[in-house]
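**Student:** following is a predicted model, sequence given first.
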Amino acid sequence: MNPEDLLKLVTTEMPFGKHKGTLIADLSGNYLGWFAREGLPKGEIGRLLALMYEMDHNDLRDLLKPLRGRG
C-alpha cells in the first residue's frame, strides 16, 4: 500500500455490479466481505477492494475522513 491508495479509496467509484457508482470507501463491510470470500477482481479495483476490506475489518475507516473532498 502507498499513501496514494488511501486517496483512491475516497475518489474511485465501483465500476460494476449492484453498487456501481458508489465510492469504494462507502461500500458496506458485508459487500467487501463477500468479495473477500468469493474472490476479488483482478487489477487495481481488486487491490483497492482488498485494502478497503482490511480497513473496514480493522475498524480504520475513520482514517479516510480527512481525505474526503480531496483529489
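**Tutor:** Sure, I can see it. Predicted, not measured: the structure shown is a model, and the values here were computed from it.

**Student:** neighbouring contacts of the lengthiest helix in the chain?
**Tutor:** Using DSSP state H, we find that the single longest helix of the chain is helix 43-57. For helix 43-57, contacts defined as Cβ atoms under 8 Å, 6 or more residues apart in numbering pick out 1, 5, 8-9, 12, 14-15, 24-25, 27, 29, 32-33, 35-36, 40-41, 60-61, 63-64. The C-beta positions use only the backbone N, C-alpha and C, and glycine is treated the same way.

**Student:** now those residues: which count as buried?
**Tutor:** Neighbour counting by 16 or more other Cβ atoms under 10 Å classes 8-9, 12, 14, 24-25, 27, 32, 35, 40, 64 among the contacts of helix 43-57 as buried.

**Student:** still on that earlier bit, hey, C-alpha coordinates of the longest helix of the chain in CSV?
**Tutor:** Coordinates of the C-alpha atoms in helix 43-57 are reproduced here as CSV (Å, rounded to 0.1, in the frame of the first residue of the first chain):
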residue,chain,number,x,y,z
GLY,A,43,-6.2,-5.4,-11.2
GLU,A,44,-6.4,-2.1,-9.3
ILE,A,45,-10.1,-2.4,-8.4
GLY,A,46,-9.4,-5.7,-6.7
ARG,A,47,-6.4,-4.3,-4.9
LEU,A,48,-8.4,-1.3,-3.7
LEU,A,49,-11.3,-3.5,-2.6
ALA,A,50,-8.9,-5.7,-0.6
LEU,A,51,-7.4,-2.6,1.1
MET,A,52,-10.9,-1.3,1.9
TYR,A,53,-11.9,-4.7,3.3
GLU,A,54,-8.8,-4.7,5.6
MET,A,55,-9.6,-1.1,6.7
ASP,A,56,-13.2,-2.0,7.5
HIS,A,57,-12.3,-5.3,9.2
